[in-house]
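Novice: what's the 3D shape of this:
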Amino acid sequence: MPLFSCSDCELLCCEDSSGVLSEEESQECSSESSSSSSSLLSKWTEESIACFMEHESNFVPRLEYLSRFQSRSLDINAREESVAWILKVHAYHGFQPLTGYLSVNYFDRFLDSQQLPQTSGWSLQLLSVACLSLAAKMEEPLVPSVLDLQVEGAKYIFEAPTILRMELLVLTVLDWRLRSVTPLSFLAFFAGKIDSAGTFTAFLISRATQIILSNIQEASFLAYRPSCIGAAAILCAANEIPNWSLVKPENAESWCQGLTKEKIIGCYQLMQELVIHSNLRKPMRSSAPTVQSSFSSLSSSLSFSYSYNNKRRKLNDCLGVNDDEKGNSL
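Specialist: Below is the predicted model:
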């Protein structure tokens with residue numbers, strides 16, 4: 001179904017003078033058309049957000065997945081290292097923000113549904129490469145080869161057939177549902193809720209995106225749905241605008257149906273703590289940061305403090321492939 005339907009008069013070209021509007025009539029018609037289009041777009045946006053809210057739970061791990069980290073049946077440190085590596089490669093290749101988020105989303109959804117031979121080491125490395133490759137194929141106009149994806153301190157190197165086999169396994173486990181609802185899906189809509197004039201909308205979206213990606217390693221966010229994370233990120237970004245009346249987290253519940261005050265406050269407080277902690281680790285500056293300086297910093301790559309063992313090992317076939325599909329170290 002098309003987003004907007006054109007009326008018959010917009011599709012016909014009348015050759016006689018009766019089909020030509022006067023300047024005054026043309027302006028009036030143009031004004032009415034613009035108002036109608038704006039109304040339709042607003043309605044379409046509201047309906048889209050409602051649809052995202054309805055289906056977002058289908059694209060996140062179950063709560064039991066977070067419990068497995070809390071009970072230590074899954075290694076939370078191994079997840080953090082895997083996510084850190086994904087984001088380092090993401091920054092190395094200059095991928096779009098959505099590519100990075102989808103990579104981690106596929107990673108978590110896979111581990112929630114599928115048991116790996118081991119919860120750390122080569123199996124997680126292979127899963128990380130496969131998820132990043134799939135996300136890049138979904139979002140990037142130019143996708144590096146699978147060998148070029150295995151950079152930035154990759155502990156193991158896999159040949160293309162092995163990675164392709166793993167990609168197929170990920171697709172099967174995820175039921176081929178790669179076009180996911182993410183926190184980034186809500187940012188423009190939520191930014192408009194607190195900045196109807198559009199003065200700081202670009203900053204709010206960009207800064208919220210950076211906050212979401214820089215905190216995606218924290219497993220605690222698995223307890224919150226994408227809409228809640230998106231709302232909390234917009235609120236955190238708004239806090240960085242000087243002399244701006246702050247929007248209270250509890251008020252964000254009214255932005256759309258389905259948001260809950262308790263969840264937004266919990267996610268917002270967690271995000272604020274991580275943002276403040278991250279800022280404390282940065283070198284002190286002589287003057288307070290401004291919106292302009294914060295916005296300019298968005299173009300810089302995310303940096304991470306993780307170090308990796310660069311020793312690369314020769315791998316035998318780890319997914320039951322033939323002898324000529326064995327992974328080689330470089």
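
Novice: Flag the shaky bits of the chain, pLDDT-wise.
Specialist: Scanning the chain for pLDDT under 70 picks out the ranges 1-44, 117-120, 245-246, 278-330.

Novice: in the stretch 51-200 of the chain, which spans are helices?
Specialist: 63-70, 76-92, 97-113, 122-139, 146-149, 160-173, 187-194 (DSSP state H, counting those that start in this stretch).

Novice: Please name every helix or strand in contact with the first one.
Specialist: When contacts are defined as 3 or more CB pairs under 8 Å, 6 or more residues apart in numbering; DSSP states H and E, helix 63-70 packs onto helix 97-113. C-beta coordinates here come from the backbone N, C-alpha and C atoms, glycine included.

Novice: List the buried residues for the helix it packs on?
Specialist: 97-112 (16 or more other CB atoms under 10 Å).

Novice: How much space separates the nearest residue to V247 once chain neighbours are set aside from K261?
Specialist: Leaving aside its chain neighbours, V247 sits nearest to I194 (5.0 Å; criterion: CB to CB, 6 or more residues apart in numbering). Distance from I194 to K261, counting by CB to CB, to the nearest Å: 16 Å.

Novice: which of those two has more neighbours?
Specialist: Shown here are I194 and K261; by other CB atoms under 10 Å, I194 has more neighbours (21 against 14).

Novice: which residues touch the more buried one?
Specialist: The contact partners of I194, by CB atoms under 8 Å, 6 or more residues apart in numbering, come to L204, I234, A238, V247.

Novice: Tell me how far it lies from A252.
Specialist: From I194 over to A252 (counting by CB to CB), the distance is 8 Å.

Novice: residues bridging contact with those two, i.e. touching both?
Specialist: Shared contacts of I194 and A252 (CB under 8 Å, 6+ apart): I234.

Novice: Which one (most neighbours) among the contacts of I194?
Specialist: Neighbour count (other CB under 10 Å) singles out I234 as the most crowded of those, with 30 neighbours.

Novice: Excluding sequence neighbours, find me the nearest residue to that residue.
Specialist: Per CB to CB, 6+ apart, closest to I234 is F190, 4.5 Å.

Novice: got a list of what the one you found touches?
Specialist: Shown in contact with F190 (CB under 8 Å, 6+ apart): G230, A231, I234, A252, W255.

Novice: Now L213: which helix or strand?
Specialist: helix 201-214 (DSSP states H and E).

Novice: buried set for that helix?
Specialist: Going by neighbour count (16+ other CB under 10 Å), the buried part of helix 201-214 is 201, 203-214.

Novice: Which strands or helices does it pack on?
Specialist: So helix 201-214, by 3+ CB pairs under 8 Å, 6+ apart, packs with helix 97-113, helix 187-194, helix 226-238, helix 261-280, helix 291-296.

Novice: how near is A233 to A191?
Specialist: In terms of CB to CB, A233 sits 10 Å off from A191.

Novice: ok, these two, which is more surrounded?
Specialist: Just comparing A233 and A191: by other CB under 10 Å the higher neighbour count belongs to A233, 30 against 25.

Novice: The more buried one: what's it in contact with?
Specialist: With CB under 8 Å, 6+ apart, A233 has these contacts: P183, L187, A208, T209, I211, I212, M271.

Novice: again, 6 Å this time
Specialist: Residues in contact with A233 (CB atoms under 6 Å, 6 or more residues apart in numbering) are A208, I211, I212.

Novice: do R225 as well
Specialist: So R225 contacts E56 (CB under 6 Å, 6+ apart).

Novice: re the thing from before, could you measure from the residue nearest to I234 over to R72?
Specialist: Distance, F190 to R72, using CB to CB: 35 Å.

Novice: ends of stretch 148-159, how far apart?
Specialist: Using CA to CA, to the nearest Å, one end of stretch 148-159 lies 11 Å from the other.

Novice: List the buried residues in that stretch.
Specialist: Result for stretch 148-159 [16+ other CB under 10 Å]: buried residues L149, Q150, E152, G153, A154, K155, Y156, I157, F158, E159.

Novice: cool, stretch 214-227 as well?
Specialist: 214-217, 219-227.

Novice: which among those gets closest to W85?
Specialist: Minimum distance to W85 across the buried residues of stretch 214-227 is 10.4 Å, recorded for Q217 (CB to CB).

Novice: Confirm for me that that closest one is in contact with W85.
Specialist: No: contact between Q217 and W85 fails when scored by CB atoms under 6 Å: they sit 10.4 Å apart.

Novice: and R179, how far is that from Q96?
Specialist: R179 is 14 Å from Q96, by CB to CB.

Novice: The two: which has the busier surroundings?
Specialist: Ranked by neighbour count (other CB under 10 Å), R179 and Q96 place Q96 first, with 16 against 10.
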